[in-house]
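Asker: Quick one, structure for this:
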Amino acid sequence: MTITFLFVALFVLMFIGIPVAISLGLSGAMTILFFSNDSVRSLAIKLFETSEHYTLLAIPFFLLSGAFMTSGGVARRLIDFANACVGHIKGGLAIAAIMACMLFAALSGSSPATVAAVGSIVIAGMVRSGYTKDFAAGIVCNAGTLGILIPPSIVMVVFATATETSVGKLFMAGVVPGLLLGLVLMVTIYIMARVKNMPSLPRASMKEVLVAGRKAGWGLLLIVIILGGIYSGMFTPTEAAAVAAVYAAFVAIFVYKDMTIRECPKVIIEAGKLSVVLMFIIANAMLFAHVLTTEQIPQSITSWVVEQGFSPIEFLIVVNIVLLIAGTFMEPSAIILILAPILFPIAMQLGIDPIHLGIIMVVNMEIGLITPPTGLNLFVTSAVTGMPLTRVVRAVSPWLLMMLAFLLLVTYVPFISLALPNWLGMS
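Answerer: Numbers count the residues shown, from 1 in each chain. Coordinates of the predicted model:
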């Protein structure tokens, strides 16, 4: 009865138009009021505990770092570097767009930020070079999802918080899948370019490649600072995020000089707004997860699944279906915080590696970001290009099949996610 009320209340509140964050908090509060012996005061305590969660501090810092990188011209220099490297190949500008998304993903930790930063520059350039606007928008919208798969990733931080797994190990587990997905997209574009005779740029000389690399070097160095710092033990992921924010501000203001100190408050306020929205969703989702835990709902569902005799393969099929459906109408962080506490103990019981489960959930969230009606990347692409949302959806649709095929590959070949952390001996 408690489980039914909790989820029915959540979906009814969302259906009548109440924001997801408030729906999560209200459904949890009503469940405690009507069905639980737990005190309502526990909700206030849980909210306070959420604000104290050390790992979650990484989120506003990564958002601030991404804001400085976007405003400070780093994206433009990364795109120039990508063009110099691969622009001469058939379909080279499109391949360079994927490469730029991969590089920016390794800086920002956010998919919408990757689409906004890269898309605002590269889509117009692709159209000028002879690509259709729909093709350019579809590629950038799809490649932008790499923002949450290639580390650092805000969604991975949220999963680590919800399941108490290692952020560093999750980050490292995302490297191979992220590079593999980027490579698959590049190869697909190359094949399409050969068939359709898509345009390419003149080949850049080695000097031009080196000059572009030097200009982009300060941005590329941030990847080394974040990941190198974490895996060398120099600092934690949260400290890495703080270092990234300070470094990004320093590069934007004093090295590239694309923005002035006077413009800093505006950038900080924009990042702050995003942080508040995301943290409000997370706080309410934590309340929802608290109710799940106190009412022992995950344990009940785990027992039921085990009694049904589900194999790991069957369980992962169900997981993907549930996550794909949830991804169509909810924000990734909220989905992770609601479903991870339920799915995590079942996965452990069935012998599924928690890091593998985390990567599966992240890839599902990637697909959710380009799935209507609430896919964030769709709205960002629409805003960047001025295209109607329906047209953006049509532009992205052909790439969805590839993403689903990639999801199956990551789900049933755990080696892709676990090879690198295991090779590095991460416990």
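
Asker: Report all helices and strands that the helix or strand bottoming out on mean pLDDT in the chain contacts.
Answerer: When each helix and strand of the chain is scored by mean pLDDT, DSSP states H and E, helix 41-52 comes last, with a mean of 73. Other elements packing on helix 41-52 under the criterion 3 or more CB pairs under 8 Å, 6 or more residues apart in numbering; DSSP states H and E are helix 20-35, helix 264-294. Backbone N, C-alpha and C define where each C-beta goes, glycine included.

Asker: how much space between the closest residue to Thr2 other than its chain neighbours and Ile301?
Answerer: Spatial nearest neighbour of Thr2, excluding adjacent residues (CB to CB, 6 or more residues apart in numbering): Phe35 at 4.7 Å. The spacing between Phe35 and Ile301, counted by CB to CB, to the nearest Å, is 17 Å.

Asker: pull the CA atoms of the least confident helix or strand of the chain into PDB?
Answerer: Provided in PDB are the C-alpha atoms of helix 41-52 (Å, rounded to 0.1, in the frame of the first residue of the first chain):
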ATOM      1  CA  ARG A  41      10.800  16.200  11.200                       C
ATOM      2  CA  SER A  42      13.000  13.600   9.600                       C
ATOM      3  CA  LEU A  43      12.300  15.300   6.300                       C
ATOM      4  CA  ALA A  44      13.800  18.600   7.600                       C
ATOM      5  CA  ILE A  45      16.800  16.600   8.900                       C
ATOM      6  CA  LYS A  46      17.300  14.900   5.600                       C
ATOM      7  CA  LEU A  47      17.200  18.200   3.700                       C
ATOM      8  CA  PHE A  48      19.900  19.500   6.000                       C
ATOM      9  CA  GLU A  49      22.000  16.400   5.500                       C
ATOM     10  CA  THR A  50      21.700  16.800   1.800                       C
ATOM     11  CA  SER A  51      23.100  20.300   2.000                       C
ATOM     12  CA  GLU A  52      26.100  19.000   3.900                       C
END
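
Asker: Next, the angle from that helix to helix 20-35.
Answerer: 150 degrees (axes from the mean of the first three to the mean of the last three CA atoms, to 10 degrees).

Asker: Direction-wise, compare the next helix or strand after helix 41-52 with helix 264-294 and give the angle.
Answerer: Where DSSP states H and E defines the elements, the next helix or strand beyond helix 41-52 is helix 58-71. Interaxial angle, helix 58-71 versus helix 264-294 (the same axes, to 10 degrees): 150 degrees.

Asker: Quick one: mean pLDDT over helix 58-71.
Answerer: Regarding helix 58-71, the rounded mean pLDDT is 83.

Asker: who touches Ile226 in this structure?
Answerer: 106-107, 151-152, 240-241, 243-244 (CB atoms under 8 Å, 6 or more residues apart in numbering).

Asker: helix or strand for the closest residue to it other than its chain neighbours, which one?
Answerer: Spatial nearest neighbour of Ile226, excluding adjacent residues (CB to CB, 6+ apart): Ala240 at 4.9 Å. Assigning secondary structure by DSSP H and E places Ala240 in helix 237-250.

Asker: any weak-confidence spans in the stretch 51-200 of the chain?
Answerer: 51-52, 72 (pLDDT under 70).

Asker: just the helices in it please.
Answerer: Assigned by DSSP state H, counting those that start in this stretch, the helices in the stretch 51-200 of the chain fall at 58-71, 74-86, 92-108, 111-128, 133-143, 154-163, 167-173, 175-196.

Asker: sorry, back to before: any idea how far the least confident helix or strand of the chain is from the middle of the chain?
Answerer: 26 Å (CA atoms, centre = their mean, to the nearest Å).

Asker: One more: stretch 13-24?
Answerer: 22 Å.

Asker: Stretch 214-233 spans what distance, first to last residue?
Answerer: Using CA to CA, to the nearest Å, the end-to-end distance of stretch 214-233 comes to 28 Å.

Asker: What residues of it count as buried?
Answerer: Neighbour counts over stretch 214-233 (16 or more other CB atoms under 10 Å) mark 215-216, 218-220, 222-223, 226-227, 229-230 as buried.

Asker: same question, stretch 371-383
Answerer: Here stretch 371-383 shows 371, 375-383 as buried, counting by 16+ other CB under 10 Å.

Asker: if we can go back for a sec, so the residue nearest to Thr2 versus Leu6, what's the distance?
Answerer: 8 Å.

Asker: nearest spatial neighbour of Ile360, skipping sequence neighbours?
Answerer: Nearest one to Ile360, counting by CB to CB, 6+ apart, is Thr411 at 5.4 Å.

Asker: Looks like the one you found contacts Glu314 (just checking).
Answerer: No. Thr411 lies out of contact with Glu314 (CB atoms under 8 Å); the separation is 11.9 Å.

Asker: just to revisit the earlier point, which of the helices or strands spans the residue nearest to Ile360?
Answerer: Taking DSSP H and E as the criterion, Thr411 maps to helix 389-412.

Asker: just to revisit the earlier point, which of the contacts of Ile226 are buried?
Answerer: Counted by 16+ other CB under 10 Å, these give 106-107, 151-152, 240-241, 243-244 as buried.

Asker: and of these, the nearest to Asn284?
Answerer: Set against Asn284, the nearest of these by CB to CB is Ala241 (22.5 Å).

Asker: wait, what's in contact with the residue lying closest to the closest one once chain neighbours are set aside?
Answerer: In space, and not counting its chain neighbours, Ala241 is closest to Phe61: 3.5 Å by CB to CB, 6+ apart. By CB under 8 Å, 6+ apart, the contact set of Phe61 is 238, 241-242, 244-245.

Asker: quick one: Phe61 from Ile342, how far?
Answerer: 29 Å.
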